[in-house]
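[1] Structural data only, the sequence is not supplied:
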Ligand SMILES: [Zn+2]
């Protein structure tokens, strides 16, 4: 009798079970039922994470897209929260250690640095985070590297490993040294983000953010925190980005901070593009034309904004506005883009009605941007542009 080779069907059964539990949680109608499903789902996801079985998790997330509403969110929330936050035993009782990120929106005429943070500056940033962003109960440690988003861990298990290493650093009252050789190269783009990554530790049940410790209404307290972080944290970060205009967003637990910064970067990149063009071509914004076009793949996926000088047909620069799940062609995204272009004093704003293709350059992978005729073109700065990082082919 021939036997099938012994091969594990990578996580199919486990994936189905994860989706079933997430669907249970998403469709529960009472707190009591929630508690049951949450506990079951937490145990199942923890098992996969501890086994480093990303396949089962990714497969389950794929399947959850086709499951009833909110199943995907229930599963993704659980996977992310168990990835970014763990409990450790200690002599002072159970300690919760959570990965966080302090994002920086940044643009530049030259390559934006992604590099090791010198000790004194790292310590200064940690002091400002402890004093203004985290609660008086929280202990923190930072990774000594200012990361580009592409340099952050790519998988749940790598993120968890980073968290565990930062947890060790907190226990040893130090910061985490990142070997720059282990970090891949950052892409050279005009507008990007940089991330300061760390972990905070509190005794389970204690507040961990500054806004959990005041009597001020929560959103107001959070905005106060952001304001102080922008000034005090900003001073500590400034030496790392000399010559690169930047803006800090709210430091928070890892996944939500990254997501919020990603959203904020869409608006930031529009003003940054206009300032960049002014800096490298000496064209004042009123002489610029911005062409907004919706690019369609499976439905409307993103808007692309092509910039031209005056009435020229060439695209000199562009920026992409990716849409998130609940944004479509019936949401006020276009109005928001137009308002941002007006706020940046762009002289001419053209909105194309046609559906544009999601085109990229075959050579370098850069997105193409629309000109006023609706042609999708590679952005090329004028030959006399003053930039150190011009890319021509
Ligand atoms: Zn290209």
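    Yep, that arrived. Since this is a predicted model, take the numbers as computed values, not measurements. Residues are numbered from 1 along each chain as shown.
[2] All the strands of the stretch 101-250 of the chain, residue numbers only.
    Taking DSSP state E, counting those that start in this stretch as the criterion, the stretch 101-250 of the chain contains strands spanning 139-147, 191-203, 246-248.
[3] Including mean pLDDT, could the ones you listed go into CSV?
    What follows is these, written out as CSV (pLDDT from 0 to 100):
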stretch, mean pLDDT
strand 139-147, 98
strand 191-203, 97
strand 246-248, 97
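[4] looking at the ones you listed, which is closest to residue 37?
    Of all these, the one in closest proximity to residue 37, counting by CB to CB, is strand 191-203 (26.3 Å). Where C-beta positions appear, they are placed from N, C-alpha and C, glycine not excepted.
[5] In a helix, residue 29, correct?
    No - note on residue 29: no helix contains this position according to DSSP: H, G, I helix; E, B strand; the rest coil, which reports coil.
[6] Would you mind telling me which of the strands of the stretch 101-250 of the chain is nearest residue 20?
    When the strands of the stretch 101-250 of the chain are ranked by distance to residue 20, counting by CB to CB, first place goes to strand 191-203 at 32.1 Å.
[7] And that closest one, what does it pack against?
    On a contact count with 3 or more CB pairs under 8 Å, 6 or more residues apart in numbering; DSSP states H and E, strand 191-203 meets strand 95-107, helix 119-132, strand 139-147, helix 156-171, helix 254-281.
[8] Minimum distance to residue 36: which of the strands of the stretch 101-250 of the chain has it?
    Ranking the strands of the stretch 101-250 of the chain by their distance to residue 36 (criterion: CB to CB) puts strand 191-203 first, at 26.8 Å.
[9] ok, that closest one: who's next to it in the sheet?
    Next to strand 191-203 in the sheet, as set by DSSP bridges, lie strand 95-107 (antiparallel), strand 139-147 (antiparallel).
[10] thinking again about what came up before, can you list the helices and strands packed on strand 191-203 in JSON lines and add distance to residue 44 and mean neighbour count?
    Output for those, formatted as JSON lines (distance: least, CB to CB, whole Å; neighbours: other CB atoms under 10 Å):
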{"stretch": "strand 95-107", "distance to residue 44": "21", "mean neighbour count": "23"}
{"stretch": "helix 119-132", "distance to residue 44": "34", "mean neighbour count": "17"}
{"stretch": "strand 139-147", "distance to residue 44": "30", "mean neighbour count": "22"}
{"stretch": "helix 156-171", "distance to residue 44": "14", "mean neighbour count": "19"}
{"stretch": "helix 254-281", "distance to residue 44": "19", "mean neighbour count": "20"}
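[11] wait, which of the ones you listed is closest to the ion?
    If you check each of the helices and strands packed on strand 191-203 against the ion by CB to the ion, helix 254-281 wins as the nearest, at 17.6 Å.
[12] what angle separates that closest one from strand 95-107?
    Inter-element angle recorded for helix 254-281 and strand 95-107: 10 degrees (by axes from the mean of the first three to the mean of the last three CA atoms, to 10 degrees).
[13] buried ones in the very next helix or strand once past helix 254-281?
    Once helix 254-281 ends, the next helix or strand along the chain (criterion: DSSP states H and E) is strand 288-297. For strand 288-297, a neighbour-count test (16 or more other CB atoms under 10 Å) marks 288-295 as buried.
[14] okay if I get those as CSV plus distance to the ion and pLDDT?
    Written out in CSV, the entries for those read as follows (distance: CB to the ion, whole Å; pLDDT from 0 to 100):
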residue, distance to the ion, pLDDT
288, 22, 97
289, 22, 97
290, 21, 98
291, 19, 98
292, 22, 97
293, 19, 96
294, 22, 95
295, 17, 95
